[in-house]
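Fold the following, please.
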Amino acid sequence: MSTAFQLNYSPAHSAATVAVPPITAPKPQKASSDITELVLTKHSPDAKQLLLPMLAHLSQDSERWITWICDHKVDRNKLADYGVDTDKIRIIYSNQPEDTHWILWEALNAGTSHTVIAAPGDLNDEAMRHFENAAQLGNSRGLFIRYR
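Coordinates of the predicted model:
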C-alpha cells in the first residue's frame, strides 16, 4: 500500500505544512478455508505416491484421528509401509455420494479428527461453505480429493 503526502510550502511562512491522509483501519481478511482440495488425474499411478506420504505425515501430527472416507478397500499394511501410523487412522467405507457427504460433514463437525479425507465429487459453492463451516466448528481440516 502506498501513501501519498502533499507538501505545501509558502515563502511568506517559514514553515512547510504536510497534509497527511487520514489513517484507515485495515480491511478485514477473509477467513481462511479449512478445506484443501487435491486434484489428481483419474487412474494415475502417481496418486498413491502423492497421497500416502501425506497420510504418513498427518498421522504423526496430532493425538486426534485422521478419518478417511473412501469407496474402496484400503490395505492397512500398505499404509504402514508408507509410514502411516495405522492406530491413528479411521477408514470409513461409503459408495453413495449422499452418504459420503453426510459422513464427511459429521466427521468434520465432530472434532474427533484433525483431518478428514474424502473424494466428495463436484461441489458447488454452497456445499463447500457447508463443509468449511463444519470444519471450523469441529476445529478440523478437510482434504478433498478431486479427479479430472
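
in the chain, which residue is closest to the centre?
Computing the C-alpha centroid of the chain and ranking residues by C-alpha atoms, centre = their mean puts Ile35 first, at 2.6 Å.

The closest residue in space to that residue that isn't next to it in sequence: which element?
Among residues not flanking Ile35 along the chain, Gly142 sits closest, at 4.2 Å (C-beta to C-beta, 6 or more residues apart in numbering). Quick note: C-beta positions are derived from backbone N, CA and C, even for glycine. Per DSSP states H and E: Gly142 is located in strand 141-147.

Flag the shaky bits of the chain, pLDDT-wise.
Scanning the chain for pLDDT under 70 picks out 1-33.

can you give me the strands for it?
Per DSSP state E, the chain carries strands over the ranges 6-9, 16-19, 35-40, 65-70, 89-93, 113-118, 141-147.

Okay, now the sheet partners of the fifth one, with direction.
So that's strand 89-93. If you go by DSSP bridges, strand 89-93 pairs up with strand 65-70 (parallel).

Okay, angle between the strand it pairs with and strand 141-147 too, please.
Strand 65-70 and strand 141-147 are oriented at 20 degrees to each other (axes from the mean of the first three to the mean of the last three C-alpha atoms, to 10 degrees).

Ala134 against Ile103, yeah?
No - in this structure, Ala134 is not within contact of Ile103 by C-beta atoms under 8 Å, at 11.3 Å.

Of those two, which one has the most company?
Ala134 (22 against 19; other C-beta atoms under 10 Å).
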